[in-house]
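Colleague: Return atomic coordinates for the entry below.
(chains A, B, C and D)
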There are 2 protein chains.
Amino acid sequence: MKTRITLKKIASEFGVSISTVSKALKGSHEISEEVRERIQAFADFYNYKPNNLALQLRNQKTSVIGVIIPEIVHHFFSTVIDGIEQYANKRGYNVMVCVSNESYEKEVLNFNVLTNGSVDGLIVSVARGTQKNKKYNHFEALIKDEFPLVMFDRIIESIECDKVIIDDVGGAYNAVEHLIEIGSKKIALLTTQDYITVGSLRKEGYLKALKNAGLEIDESLIYKINDSENLYEQIKKVFNSKNQPDAILAVNEIYAANALIIAKERGLSIPNDIAIIGFTSGLISEFTSPPLTSVVQHGYLMGEHAAELLINRIEHISPTEYQKEVISTNLKIRKSTFIEN
Amino acid sequence: MKTRITLKKIASEFGVSISTVSKALKGSHEISEEVRERIQAFADFYNYKPNNLALQLRNQKTSVIGVIIPEIVHHFFSTVIDGIEQYANKRGYNVMVCVSNESYEKEVLNFNVLTNGSVDGLIVSVARGTQKNKKYNHFEALIKDEFPLVMFDRIIESIECDKVIIDDVGGAYNAVEHLIEIGSKKIALLTTQDYITVGSLRKEGYLKALKNAGLEIDESLIYKINDSENLYEQIKKVFNSKNQPDAILAVNEIYAANALIIAKERGLSIPNDIAIIGFTSGLISEFTSPPLTSVVQHGYLMGEHAAELLINRIEHISPTEYQKEVISTNLKIRKSTFIEN
DNA sequence: TATGAACACGAAAACGTTTGCGTAACTTAA
DNA sequence: TTAAGTTACGCAAACGTTTTCGTGTTCATA
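Modeller: Presented below is the predicted three-dimensional model:
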């Protein structure tokens, strides 16, 4: 790459000082009309642009926010990033994305790389590995330094910082309520392992709705899927069990879509034999047959809010106490739970 | 945020010079054992880490690569980013992601922000707006400065830089060949507007395969979808036409899935009445009913290759002439074209 | 002719590093 | 005792900016 032109080079070209050039290009009245115009023309010709690194160092501000997410090939997370990116742009910030791949080690690595001056603040959704081993030292170090930090979706309650979450409890509650309304009595739950916060919150909503409707809780209808093993085989167990449900609530789109496929393989009619709802943020639910009723998560909104919280914190226009924003879901009813009279 | 500890602060703490501290922390033999240990202990205690900005400025290297893509909520693009990110990490680079939102103006803006020293190189997939208005000045400026640049997927032929593309022609060719093999005679093409390069390349493969099989080309079977209008309504036209196809090749997953839905609404049996294939990189095709035969694009691989080309260029270990890598597709045959005997 | 203001520019510090070179103090050997 | 070598550190430049303050010249005014 050719080296870019600098103030120094322009200065030596005109035999003036660096400060003169700097002032000239900023249109300072300290510089005579004539000199200013000549410098401006020269700079334009060589397409001068101030070096960002130098500015960042001087201003002690990068105008970059770092985002660390468990995965990026994931509709929900990419939607959140989209929201973050668009909002950050409006406020004059850029976004640096790192992927933890659900690994604690990689997450720590990303923390180290990003918090050494490369970014003004961090938005994080916690890796599964971290949630599992509960090692939060990297977060604690950040908090101790008062480094601007926002957690979203997968959060750690004990870490004091701004947070944005989906109303997981409410979403699951509404979904179950809807299933009960259409007559379901035995509602299975396809959820994650307990250490995934969103999974356990959705379970909480599920349980709450059952209780509220006076339905008994049947632990054998709760299936905890292990994401590192074969999904299809695990979900099959729901249908192999002697305790057959008449409805399923899945905590994500993939679980729901797999359940739908298996149900159809078994010759079950949907929603008559079995109704299915999944949490979603993607497109799959629209294109299955029948399309899946979904708890829609507004990832874009979540991203926007996370970015707003972070930037306000960076720019010291936040209240001192930390905020916790809850993004509500809505239930998109499609054919997988729609029973025609 | 608390200000981080710097060499200067440590130096004044011990009453030594900054260079002594720097050398001590780098384990230089110039510094006595005793002083070194004391400085090291102090630095560890205060969790000293060199300021990245300062290093970047001094070394004239950021170890960051910029990525500008048309959208991020898109399975293909997020998969490419994943590939870029993982590969870049292995080589010690981080990734800064910007979204052009298909807009020429936003793309130019991103160029300006990223090429002022923030990144060592750029990976770009061209915005639709840019492809449409054919204003390539921002690219040309980069090339003139010999700024490391790699284009992927949506490329501009006339810009001289490293490129990575999908074998769009071959992918479409194979898909059509497959359709012909299963007996299709009238194959419709659901493609994009001409200015989208991947769309026209896929059309090229489509035409080539028809010619090769001695089938006549029927322009009325070629539908150019406009992404800014209602997809569903546009695709409906295929089925409203008096010229009914017995197969459809769609240049992306969404077109294919919509076609499938509409076909089923019309009571058509798939693949008997009409076979459908889509280009894909997402999950939708697996979960439709029947699942869609797909031209699978290996986005992850593409990302890896793009990052490799770029980093090699940055580190001057590329051949002088620019490379153009072609990532081949493969045809994943599913039920939407699988006719049982 | 002095005084003061206005004008136009330069010097230098600051942001936080790294590193080549200079140099005191001390040690060793002749 | 002296020359040479070693040890252990400091100085200063460099990366590219911005900005405060200082200063020399010109000009008008009393």
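Colleague: Can you report how many residues neighbour A:Tyr69?
Modeller: Small correction: residue A:69 is Ile, not Tyr. Neighbourhood size, A:Ile69 [other CB atoms under 10 Å in any protein chain shown]: 28. All C-beta spots, glycine's among them, are computed from the backbone N, C-alpha and C.
Colleague: same check, this time on A:Ala213
Modeller: Look at A:Ala213: counted by other CB under 10 Å, it has 15 neighbours.
Colleague: So which bits of stretch A:50-61 are buried?
Modeller: Of all the residues in stretch A:50-61, those buried under the rule 16 or more other CB atoms under 10 Å in any protein chain shown are A:51-54, A:56-57.
Colleague: cool, and stretch A:266-274?
Modeller: Buried-residue list, stretch A:266-274, by 16+ other CB under 10 Å: A:268, A:270-271, A:274.
Colleague: re earlier: same for DNA strand D: which of the buried residues of stretch A:50-61 are within range?
Modeller: Contacts with DNA strand D within the buried residues of stretch A:50-61, counted by CB under 7 Å from any atom of the strand: A:51, A:53-54, A:57.
Colleague: Would you point out which residue of chain A is nearest chain B?
Modeller: Nearest residue of chain A to chain B, counting by CB to the nearest CB: A:Ser289, 3.6 Å away.
Colleague: Now intersect the buried residues of stretch A:50-61 with the helices, please.
Modeller: A:52-54, A:56-57 (DSSP state H).
Colleague: picking that back up, what secondary structure does the residue nearest to the residue of chain A closest to chain B when sequence neighbours are not counted sit in?
Modeller: Leaving aside its sequence neighbours, A:Ser289 sits nearest to B:Ser289 (CB to CB, 6 or more residues apart in numbering or on different chains; 3.6 Å). Under DSSP: H, G, I helix; E, B strand; the rest coil, the three-state class of B:Ser289 is coil.
Colleague: List the contacts of B:Ser289.
Modeller: With contacts defined as CB atoms under 8 Å, 6 or more residues apart in numbering or on different chains, B:Ser289 is in contact with A:264, A:288-289.
Colleague: and what of A:Arg4?
Modeller: A:Arg4 is in contact with A:48-49, A:51, B:117, B:145, counting by CB under 8 Å, 6+ apart.
Colleague: and if you look at A:Tyr48?
Modeller: Residues in contact with A:Tyr48, defined by CB under 8 Å, 6+ apart, are A:4-6, A:10, A:25.
Colleague: can you tell me how far A:Ile159 sits from A:Phe147?
Modeller: Using CB to CB, to the nearest Å, A:Ile159 is found at 12 Å from A:Phe147.
Colleague: Check whether A:Val108 really touches A:His138, as I assumed.
Modeller: Yes: contact criterion CB atoms under 8 Å: A:Val108 and A:His138 qualify, at 5.0 Å.
Colleague: Which residue does the stretch 101-250 of chain A have closest to DNA strand D?
Modeller: When distances are taken as CB to the nearest atom of the strand, the stretch 101-250 of chain A reaches nearest to DNA strand D at A:Gly117, 13.1 Å away.
Colleague: That residue: how many residues sit nearby?
Modeller: Residues within reach of A:Gly117, counting by other CB under 10 Å, total 19.
Colleague: And what about it, helix, strand or coil?
Modeller: Under three-state DSSP, the three-state class of A:Gly117 is coil.
Colleague: measure it to A:Gln56 for me?
Modeller: A:Gly117 sits 8 Å away from A:Gln56, going by CB to CB.
Colleague: do A:Glu304 as well
Modeller: In this view, A:Glu304 and A:Gln56 are 25 Å apart by CB to CB.
Colleague: Looking at the residue in the stretch 201-341 of chain A that DNA strand D sits nearest to now. What's its pLDDT?
Modeller: Residue nearest to DNA strand D within the stretch 201-341 of chain A (CB to the nearest atom of the strand): A:Glu315, separated by 17.0 Å. On pLDDT, A:Glu315 comes in at 96.
Colleague: again with A:Asn341
Modeller: In this model, A:Asn341 carries a pLDDT of 60.
Colleague: Please apply the same query to A:Lys203.
Modeller: 97.
Colleague: does it belong to a helix or a strand, and which?
Modeller: helix A:197-212 (DSSP states H and E).
Colleague: Against which helices or strands is that helix packed?
Modeller: When contacts are defined as 3 or more CB pairs under 8 Å, 6 or more residues apart in numbering or on different chains; DSSP states H and E, helix A:197-212 packs onto helix A:168-181, strand A:187-191.
Colleague: rerun at 10 Å
Modeller: Here helix A:197-212 touches strand A:162-166, helix A:168-181, strand A:187-191, strand A:222-224, strand A:247-250, strand A:275-280, going by 3 or more CB pairs under 10 Å, 6 or more residues apart in numbering or on different chains; DSSP states H and E.
Colleague: buried set for the helix or strand that the fourth one is followed by?
Modeller: Towards the C-terminus, the helix or strand next in line after strand A:222-224, according to DSSP H and E, is helix A:231-240. Burial within helix A:231-240, assessed by neighbour count using 16+ other CB under 10 Å, is assigned to A:231, A:234-236, A:238-239.
Colleague: In the record's domain split, what are the boundaries for chain A?
Modeller: A:7-50, A:61-165+A:299-327, A:168-298 (automatic domain parsing).
Colleague: could I get the ones you listed as TSV with distance to B:Thr62?
Modeller: Below are the domains of chain A laid out as TSV (distance: least, CB to CB, whole Å):
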stretch	distance to B:Thr62
domain A:7-50	15
domain A:61-165+A:299-327	9
domain A:168-298	33
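Colleague: show me the contacts for the residue of the stretch 201-341 of chain A found nearest DNA strand C.
Modeller: Scanning the stretch 201-341 of chain A for the residue nearest DNA strand C gives A:Ile314, at 16.4 Å (criterion: CB to the nearest atom of the strand). A:Ile314 is in contact with A:61-63, A:65, A:91, A:93, A:119-121, A:147-148, B:1, counting by CB atoms under 10 Å, 6 or more residues apart in numbering or on different chains.
Colleague: Select from the residues you listed every entry located in strands.
Modeller: A:65, A:121 (DSSP state E).
Colleague: Output those of the contacts of A:Ile314 also counted as contacts of DNA strand C.
Modeller: Of the contacts of A:Ile314, not one also sits near DNA strand C (CB under 7 Å from any atom of the strand).
Colleague: In the contacts of A:Ile314, find the pair that's most separated.
Modeller: Spatial extent of the contacts of A:Ile314 (CB to CB) is set by the pair A:Arg91 and A:Phe147 at 18.4 Å.
Colleague: which non-adjacent residue is nearest A:Tyr173?
Modeller: Here the residue nearest A:Tyr173, using CB to CB, 6+ apart, is A:Gly205, at 4.0 Å.
Colleague: before we move on, the earlier item: what's the closest of the buried residues of stretch A:50-61 to DNA strand C?
Modeller: For the buried residues of stretch A:50-61, the minimum distance to DNA strand C (CB to the nearest atom of the strand) is 4.1 Å, reached by A:Leu57.
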